[in-house]
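**Q** here you go, sequence then predicted model.
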Amino acid sequence: MSIFDRLNNGIDTNSPDETIAVAALLAKALPSEAILTLEGDLGAGKTTFVKGLAQALGIQELITSPTFNIFNTYDSGSTTLIHMDAYRLNPQSNVIDELMLEDFMTPPYCLAIEWPSNLGELPWPVTIQLEFTITAAEKHRIRCIPG
Ligand SMILES: Nc1ncnc2c1ncn2[C@@H]1O[C@H](COP(=O)(O)OP(=O)(O)OP(=O)(O)O)[C@@H](O)[C@H]1O
Ligand SMILES: [Mg+2]
């Protein structure tokens, strides 16, 4: 089963390393211009997932939550990873057009956005929308939600 089919069904992970492994599988299957939205509660595993994307893309730097900046960019030498965390943005502020993200969106790139609901409608087509939850059994579930 492809990683996309598995994500459509939902994948439960038992550890951060398992979440990283799922992200790595997805990273290998992404198109050269990939936009991922990562929705879900605090601590559900979104940033952990981005760490897995980064590893698979060959990025050596440590991925940390972009707390003071709204987004961080990383370059593996071939692929650019743009990690955005919109948690602190006011949903009404409509900042997406002012961030000049396009300046970094030179293929191949992967743009991963935590808390996309704070950005309203994105000006680009989203490749895959992911939802992160913690299940009653304390597993971390990653699921692809239909666009
Ligand atoms: N199966 C798992 N997958 C991912 N993280 C896990 C798992 N099990 C435990 N954890 C822990 O849960 C936490 C997930 O934190 P992470 O920063 O990835 O969440 P987040 O969704 O980005 O939260 P925030 O909305 O605050 O940015 C980490 O402390 C991680 O070690
Ligand atoms: Mg996070």
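**A** Done, it's in. Ligands and ions are numbered 1, 2, ... in the order given.

**Q** all contacts plus neighbour counts: C-alpha atoms, from now on.
**A** OK.

**Q** helices of this structure, start to end?
**A** Taking DSSP state H as the criterion, the chain contains helices spanning 3-9, 16-29, 46-57.

**Q** with mean pLDDT added, can I get those helices in CSV?
**A** Listed next are these as CSV, based on pLDDT from 0 to 100:
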stretch, mean pLDDT
helix 3-9, 98
helix 16-29, 98
helix 46-57, 98
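
**Q** looking at the ones you listed, which is buried most?
**A** helix 46-57 (a mean of 24; mean count of other Cα atoms under 10 Å).

**Q** just want the angle from that one to helix 16-29.
**A** Calculated by axes from the mean of the first three to the mean of the last three Cα atoms, to 10 degrees, helix 46-57 forms an angle of 50 degrees with helix 16-29.

**Q** please state the offset of helix 46-57 from the chain centre?
**A** 8 Å (Cα atoms, centre = their mean, to the nearest Å).

**Q** quick one: it near ligand 1?
**A** Yes - using Cα under 6 Å from any ligand atom, helix 46-57 comes into contact with ligand 1 via 46-48.

**Q** so what touches that helix?
**A** Contacts with helix 46-57, where a contact means Cα atoms under 8 Å, 6 or more residues apart in numbering, come from 16, 19-28, 38-40, 60, 62-65, 76, 79, 81, 83, 112, 114, 132.

**Q** near ligand 1, which residues of the chain are found?
**A** So the chain meets ligand 1 at 13-16, 19, 41-48, 139-140 (Cα under 6 Å from any ligand atom).

**Q** out of those, the closest to residue 123 would be?
**A** residue 46 (21.7 Å; Cα to Cα).

**Q** quick one: that closest one from residue 98, how far?
**A** 24 Å (Cα to Cα, to the nearest Å).

**Q** could you do residue 111 as well?
**A** 16 Å.

**Q** repeat for residue 36
**A** Taken as Cα to Cα, the span from residue 36 to residue 98 is 20 Å.

**Q** tell me which of the two has more neighbours.
**A** Ranked by neighbour count (other Cα atoms under 10 Å), residue 36 and residue 98 place residue 36 first, with 20 against 7.

**Q** got the buried residues for stretch 99-115?
**A** Buried positions in stretch 99-115, judged by neighbour count with 16 or more other Cα atoms under 10 Å: 105, 109-115.
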